[in-house]
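Asker: take this sequence and fold it.
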Amino acid sequence: MTQIIKGGNLQLSGEPMRVAVVRRSDGPGAPEVDAAALLVGADGKVRDREDLVFYNQSAHAGSGVRLTGNVRGEGEVVADWLEIDPGRVEPAVERIVVAASCDDATFGEVEDLYLRAVSATTGEQLALYAVEDATTETAILLGEFYRRAGGWKFRAVGQGYDSGLPGLAEDFGFAVPEETVPEGTVEAPMETVPEGTAGPPEETAVVPPEGVAVVPVQAPAPVQAPAPVQAPAPVQAPVPAPVPLAGGVVGKVRGAAPLSAPALGVPPARCNDLPGEMGPEFEPVEFSGRGKEDVDPGLTLPKGFVVVDVLRKGDGYIEVVTLTVRGRRWREVLGSGLPDLHGVGVFHHDGRSPLRLRVDAPGMAAWTIRLRPVSTLRVFDGPVEGCGPDVLAHTGDETDVRFRFKGDEDKEGYFGVNVHRRGGHAQHTYSRRDRGRGSGSIPRGPRLLVIEADGAWSAEPGGSRITSFWTRRR
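Answerer: Down below sits the predicted model:
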């Protein structure tokens, strides 16, 4: 039997292999996964940077290990293929570790991830391991091919890392100095497979693990001559027509806004480039009340994010939460104790359940909430500032951000930033207690920057923190 569970191992014949790291991609904005291989010695370490085969260094000349490319098939199935020829591996290499990284998301968001090894000559399946327990990892050690009694075996490992491929590689003794990529640097294309590399059988297909519905994906065709690998052109989601909104345009206030602030400060039309998959377009709706009330907006919306503006006059805490079909509280949209609050929150709607909210402002405090599309969020493409909870749209490249938190009237309080991607998945970026400065990193967009703040704050994009060695050359 060639399909094994985590911790299991299989005897191999030592013949040349094709190894696929397979997953399902459900279109633009889905997590991007990259395969890698580390050549490890008897001491459990790599010897130098040449012992890492990944997207910027696609071949190990001395040991017959190559990253041959990325293939997409029907049903949104994607496979990265490695070539491993055990007969050519240097004697000093005891193990070949196969890993995958997912820098802009976590493996808990990756669907149907598995590793499959097939014979490079016959296409016969040699080993199959499906990952079933991934959560917050951004890199996974999938399995390893290792020497045993003069032959080779495969072990399913499934060990996760929250520190990405650099953190995984560091565990094997590999690290590079932090070299910031100079502004304006032009990245070279990914290294190509040298001419004469033996190609896989034409009909080698990725076979899914039992119970995983995955359609076949062909292995890469033989490479005839070196040529740069061209990245596919980005798919541009159609931009919905602007939605006319009622009310005037009001800039973001530096302090708390009075309840009489006109129209909750919503612009009259789309003002960012977030794709349609991030959230539906709809006419904004507004509700006012006092104290604790349940709100039924009467909206039937498809899956995606919905923005909620909250105005509350006076002092005291206010909380807005979504409700389950049974009317029980589900997820917090916004919570704040700022006086005369003018804040912004967001929630992810599953497109199936009734859309209902609960507003709770003790002491019968007056409040107004408004639901609007994410297309109306202001863009984070330069220095911004605000006071209290807010949500920004990020559609640019990965970047570092410098944050400053001024705190509440006592120069205290909490400040935190979480980055949300399509599907409602969140990633913590930065937080602090009390006033001060700091920095964090935001992945490549589209993303929503959800800010929790007990006072005034500012955010300014900075240079990328990624080192030149790890920066992906597409």
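Asker: do you know the pLDDT at the residue nearest the centre of the chain?
Answerer: Among the residues of the chain, the smallest C-alpha distance to the mean C-alpha position (Cα atoms, centre = their mean) belongs to A105, namely 2.1 Å. In this model, A105 is scored at 79, pLDDT.
Asker: name all residues that make contact with the residue lying closest to it once chain neighbours are set aside.
Answerer: By the measure of Cβ to Cβ, 6 or more residues apart in numbering, the closest residue to A105 outside its immediate chain neighbours is P31, 3.6 Å from it. Glycine gets a C-beta too; all of them are placed from N, C-alpha and C. Contact partners of P31, counting by Cβ atoms under 8 Å, 6 or more residues apart in numbering, are S25, C102, D104, A105, T106, F107, E109, V110.
Asker: and N70, by the same measure?
Answerer: If a contact means Cβ under 8 Å, 6+ apart, then N70 has V78, A79, D80, W81 as its contacts.
Asker: gap between the two ends of stretch 389-400?
Answerer: 21 Å (Cα to Cα, to the nearest Å).
Asker: helix/strand/coil for G160?
Answerer: Assigned by DSSP: H, G, I helix; E, B strand; the rest coil, the conformation of G160 is strand.
Asker: assign a three-state SS to the closest residue to H60 other than its chain neighbours, would you?
Answerer: Once flanking residues are discounted, H60 sits nearest to V53: 5.3 Å by Cβ to Cβ, 6+ apart. Taking three-state DSSP as the rule, one finds V53 in the strand state.
Asker: go ahead and confirm V53 touches G62.
Answerer: No - distance between V53 and G62: 11.4 Å, which falls outside the contact criterion (Cβ atoms under 8 Å).
Asker: higher neighbour count, these two?
Answerer: Comparing V53 with G62 by other Cβ atoms under 10 Å, the one with more neighbours is V53, at 24 against 14.
Asker: now stretch 373-382: buried residues?
Answerer: P373, V374, S375, T376, L377, R378, V379, F380, D381 (16 or more other Cβ atoms under 10 Å).
Asker: if I pick the last one, what's in contact with it?
Answerer: This means D381. Contacts for D381 (Cβ under 8 Å, 6+ apart) come out as T395, G396, P461.
Asker: you'd agree it is in a helix?
Answerer: No - counting by three-state DSSP, D381 is located in no helix; its state is coil.
Asker: got the phi/psi numbers for it?
Answerer: phi -130, psi 10 (degrees, to the nearest 10).
Asker: poorly predicted segments of the protein, please.
Answerer: The chain contains residues with pLDDT under 70 at 1, 26-29, 104, 176-269, 463-468, 471-474.
Asker: helix, strand, or coil at the nearest residue to E398 once chain neighbours are set aside?
Answerer: With sequence-adjacent residues excluded and distances taken as Cβ to Cβ, 6+ apart, E398 is closest to R444, at 4.6 Å. Local secondary structure at R444 is given as coil here, using three-state DSSP.
Asker: ok, R444 to L128 distance?
Answerer: 32 Å (Cβ to Cβ, to the nearest Å).
Asker: and these two? Which one has more around it.
Answerer: L128 (24 against 15).
Asker: correct me, but the more buried one touches L142?
Answerer: No - counting by Cβ under 8 Å, L128 stays clear of L142, with 11.3 Å between them.
Asker: coming back round to it: need the contacts of D381 in a markdown table with neighbour count, can you?
Answerer: Output for those, formatted as a markdown table (neighbours: other Cβ atoms under 10 Å):
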| residue | neighbour count |
| --- | --- |
| T395 | 16 |
| G396 | 16 |
| P461 | 18 |
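Asker: all good on my end, thank you.
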